[in-house]
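**Q** Dropping the sequence and predicted coords here.
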Amino acid sequence: MGQMIQQTIKRPLSPMRVIRISLALFLFLIFTILISMLLGTADVTIVQFRGILTGDAEVKEMTKLIVLNIRLPRIMSAGLAGFSLSLGVWCFRPFYEIRWPILISWAFPAAGPSVRCSASCLDSVLTWGYPSCPLPEPC
């Protein structure tokens, strides 16, 4: 009972797994962009889309206007908005994190050490995804 039992925590992401997930998400992004360029009230075929990209003169002017002036700016602005949101969350993450032990000790001064330990474990799970508090012994 006197010894603390430490849990072995495997690294959740290896570099190769990060590369595979990033590649899969990038391919999904390209697929989504292609589908959103082609589908709409005015259908654009893959041949017409390839003609727009290569500057083929046989593509109708209306199709070029729809793809280049309506769909492409909409996709680019959606991508910029998503990038801005993710960058904002990444930059301001320290301001969003709630430090549970500090909050518990301030809000409930009579809280015992077991409550503070639970708050510390909850904080590490919310912040990093796995508990840094040794389990099952209290902190």
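**A** Great, that's in hand.
**Q** CA only for contacts and neighbour counts going forward, please
**A** OK.
**Q** Flag every buried residue along whichever helix in the chain runs longest.
**A** The helix that spans the most residues within the chain, counting by DSSP state H, is helix 15-38. Residues of helix 15-38 classed as buried: 33, 37, 38 (neighbour count, 16 or more other C-alpha atoms under 10 Å).
**Q** Tell me the predicted confidence for the first one.
**A** When you say that, I think you mean residue 33. Residue 33 carries a pLDDT value of 93.
**Q** how far away is the nearest residue to it once chain neighbours are set aside from residue 49?
**A** The shortest distance from residue 33 to any non-neighbouring residue, by C-alpha to C-alpha, 6 or more residues apart in numbering, is to residue 75 (7.1 Å). As judged by C-alpha to C-alpha, to the nearest Å, residue 75 and residue 49 stand 15 Å apart.
**Q** Could you do residue 57 as well?
**A** From residue 57 to residue 49 the distance is 12 Å (C-alpha to C-alpha).
**Q** got it, and residue 41?
**A** For residue 41, the distance to residue 49 equals 15 Å [C-alpha to C-alpha].
**Q** contacts for stretch 38-47?
**A** Residues from elsewhere that reach stretch 38-47 (C-alpha atoms under 8 Å, 6 or more residues apart in numbering): 37, 49, 63.
**Q** Do me a favour and get the end-to-end distance for that stretch?
**A** Span of stretch 38-47 from end to end, C-alpha to C-alpha: 10 Å.
**Q** That stretch: which residues count as buried?
**A** For stretch 38-47, using 16+ other C-alpha under 10 Å, the buried residues are 38, 44.
**Q** Show me what the mean pLDDT comes to for that stretch.
**A** pLDDT averaged over stretch 38-47 gives 90.
**Q** Now do the contacts for residue 36.
**A** Residue 36 is in contact with 71, 75, counting by C-alpha under 8 Å, 6+ apart.
**Q** Please consider this matter closed, and thank you.
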